[in-house]
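# Curious how this folds, go ahead:
(4 chains)
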Protein chains: 2
Amino acid sequence: MKNKITLKELAKLLNVSISTVSKALNDSSEISPKTVERVKELAALHKYRPNPVAVNLKSSKSGTIGVVIPNISNTYFAQVLLGIEAKAQKEGLQVITYISNESFEREKQIADMLTSGFVDGVLIAISEATHRARNYDHIFNILEYEIPVVLYDRTNIDIPVDKIGIDDEKSFEDATRLLISKGIKRIGLASAIHHLGVGKLRIKGYQKALSEGMEQLVTASSRHQVLVDGIKDLLVNKKVEAMLCTDFVSAMLVYRMAYENKVEIPKDLKMIGFLNKDVAQHLTPSISYIEQFPEEIGKNAMEMLIKRMNGKLMPEKNTHKIINTELIHLESTRFN
Amino acid sequence: MKNKITLKELAKLLNVSISTVSKALNDSSEISPKTVERVKELAALHKYRPNPVAVNLKSSKSGTIGVVIPNISNTYFAQVLLGIEAKAQKEGLQVITYISNESFEREKQIADMLTSGFVDGVLIAISEATHRARNYDHIFNILEYEIPVVLYDRTNIDIPVDKIGIDDEKSFEDATRLLISKGIKRIGLASAIHHLGVGKLRIKGYQKALSEGMEQLVTASSRHQVLVDGIKDLLVNKKVEAMLCTDFVSAMLVYRMAYENKVEIPKDLKMIGFLNKDVAQHLTPSISYIEQFPEEIGKNAMEMLIKRMNGKLMPEKNTHKIINTELIHLESTRFN
DNA sequence: CTGAAAGCGCTTACAG
DNA sequence: CTGAAAGCGCTTACAG
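Just a heads-up that it's a prediction; the model follows:
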């Protein structure tokens, strides 16, 4: 088993040429059925499998795609990867994973790797640092190598590539409207990611939904204590009846502040957050959350990339697909 | 930029042979310094980079390693991947990710892929289903292809490969002893993963630590309602003073049952769980947890694999490395 | 010091 | 229907 059998060895054993073996295995119509059968039989016997590296060299394809993930500890991204991997597996593609750790420098290094010929296509969510730097040269560089790129999240930047993501703004706009429709007047929002694109969009959606005369009650900070104080102020002094949270950290802080200040969820306070399902549903009380369907996003991103790689998409024209989010009602938005 | 420049083209431009260019770029001592300089200059100008596929074909190496992950939504595994990726990046290796979804069938398919020549080495955590089936033929098959394999978790099976993981038994034995040393007599344990290897080991550690005369207070089930009832029984009827939880789900259920039955943490109940840091520290109250250092595990696994691939480890002799866990005290084990 | 040649394992026009 | 030849892009013994 040690050394895998090659076409050459197969050819020798069969007393035919390498070409014949190759063609037979690829079901070429040039080869007689009998030969095909003989070849396939022996190949099966020896468990022959073509050396993918050699095949790649011939075809100038690598059969792999690169996936760049800003933060794998974020369950959202982990699930996107799950969707990507599942689809890739079906298509016989290998997934090479790169983790940028939200670093601009690391992302540039990765982009450099990606252009060295390892991958046929790229799926990427741009790092936070890159967004801040507003420097996308390394992405353009990938495109110059004619490697298709699909953005699978954080799509709010102007690069001529295909994109897929959710509508962050609409998700919170809808959530806010729903609360309003239930007669809630004082709706607060907490955010630890107000400086990020997605954070901004979610806040914007909330603001958009507030009707005339409704007070904006927002607290946002990436500094722990500031956010804690801001949330406490909203809960205790501003007497909000509901809180929207743009992220995990702010949601968990609202939780804590509610607990410490004897604000009962959902009796005194409704709550909706951008949380992953696993955490949201296991908390006590469970928190209503915005389902983003990350696996679906991964799968769709992969599909888009494959189409683009196969020239099935119009050149010079990029697609931007939106996956609809869904507000999942759990205990924290129970109205009695 | 479209088509990458090759050695051949470089050679033509320089009026030297392909061999010379190749050697010059690889700093061969055969080539005159002047030529080396000329070659490198032009190569840099054209941003020449060797085609990795061609290099691989020559060297019969792929420069990639395969990582098999049972469940990427589990933050623990995501963090292991983070450690692996970081180390791989330093070594110039590519990481191909495969997700088995805890499925035996899927794992076998993946094992098949792995032997087809894509990877030089494999890092794997065996799926739950495979453990249940106790069928490791596909792993042996990888070994027959002389592809080194390292188990990076769930190491309690008898396969002749290098392994790295934590000591699940000891982690809970130590935790239990600590509670005992604080004068706690009635220590309960809840588990939703008692049927898995790691679950069994953790429970065993707890049992081992209980001194003579101390009552074993265990509730374990993978059926939601059974576990809920069991936990409630421990908290309300059996009046436990502390709870150990082997996993996320059981911890969250203890939480809920404590809340619903007005059992206050940590006043009435101490709590320690196998949780990831992010969740543990953001809960209210925060839960003391067993830190497993997943990144460290990933890094070490990669290091072991590299050593094995480079023949730096004794053949016929496998290493089993243990990473020590640490009990992190948060609010749920506050003793006043 | 430089280059022609062989070869890694394949595929595929082309000739017979 | 089969096979010799060229070639994918590289490396490396060998000859000069």
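# Pull out the buried residues from stretch A:98-105.
Within stretch A:98-105, the residues that qualify as buried by neighbour count (16 or more other C-beta atoms under 10 Å in any protein chain shown) are A:98-104. C-beta here means a position set from N, CA and C on the backbone, and glycine is covered the same way.
# What parts of the stretch 51-200 of chain A come near DNA strand D?
A:54, A:57-58, A:60 (C-beta under 7 Å from any atom of the strand).
# could you redo the last one with a cut-off of 6 Å?
Contact residues, the stretch 51-200 of chain A versus DNA strand D (C-beta under 6 Å from any atom of the strand): A:57-58, A:60.
# residue boundaries of the strands in the stretch 201-336 of chain A?
Across the stretch 201-336 of chain A, reading from the start of the chain, the strands by DSSP state E, counting those that start in this stretch fall at A:217-220, A:242-245, A:270-273, A:288-291, A:320-323, A:326-328.
# helices and strands around the fourth one, which ones?
Right, the one you point to is strand A:288-291. Under the contact criterion of 3 or more C-beta pairs under 8 Å, 6 or more residues apart in numbering or on different chains; DSSP states H and E, the helices and strands touching strand A:288-291 comprise helix A:168-181, strand A:270-273, helix A:277-282, strand A:326-328.
# nearest to chain B, of the ones you listed?
Of all the helices and strands packed on strand A:288-291, it is helix A:277-282 that lies closest to chain B, at 3.8 Å by C-beta to the nearest C-beta.
# do you know how far the closest residue to residue A:274 other than its chain neighbours is from DNA strand D?
Setting aside the residues directly before and after it, residue A:274 is nearest to residue A:290 in space (C-beta to C-beta, 6 or more residues apart in numbering or on different chains), at 5.2 Å. The spacing between residue A:290 and DNA strand D, counted by C-beta to the nearest atom of the strand, to the nearest Å, is 47 Å.
# Is residue A:287 in contact with residue A:269, as I believe?
No: with contact defined as C-beta atoms under 8 Å, residue A:287 does not count as touching residue A:269 (11.0 Å).
# out of those two, which sits in the busier spot?
For residue A:287 against residue A:269, the residue with the higher neighbour count under other C-beta atoms under 10 Å in any protein chain shown is residue A:287, and the figures read 28 against 21.
# so how far is residue B:73 from the residue most central in space within chain A?
Residue closest to the mean C-alpha point of chain A, counted by C-alpha atoms, centre = their mean, is residue A:80 at 4.1 Å. The gap separating residue A:80 from residue B:73 is 11 Å, by C-beta to C-beta, to the nearest Å.
# hang on, the earlier thing: can you select the buried ones from the residues of the stretch 51-200 of chain A next to DNA strand D in PyMOL?
Of those, the buried ones go into a single PyMOL selection, burial set by 16+ other C-beta under 10 Å:
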select buried, chain A and resi 57
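# Distance to residue A:113 added to the residues of the stretch 51-200 of chain A next to DNA strand D, as TSV?
Shown next, in TSV, are those (distance: C-beta to C-beta, whole Å):
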residue	distance to residue A:113
A:57	19
A:58	23
A:60	18
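# Just name the most buried of the helices and strands packed on strand A:288-291.
By mean neighbour count, with neighbours taken as mean count of other C-beta atoms under 10 Å in any protein chain shown, strand A:270-273 ranks first of those at a mean of 26.
# residues contacting whatever residue of the stretch 101-250 of chain A ends up closest to DNA strand C?
In the stretch 101-250 of chain A, the residue found nearest to DNA strand C is residue A:117; the distance is 14.7 Å by C-beta to the nearest atom of the strand. Going by C-beta atoms under 8 Å, 6 or more residues apart in numbering or on different chains, residue A:117 touches A:62, B:4, B:49, B:51-53.
# One more: residue A:45?
Applying C-beta under 8 Å, 6+ apart, no residues contact residue A:45.
# Which pLDDT value goes with it?
The predicted local distance difference test score for residue A:45 is 90.
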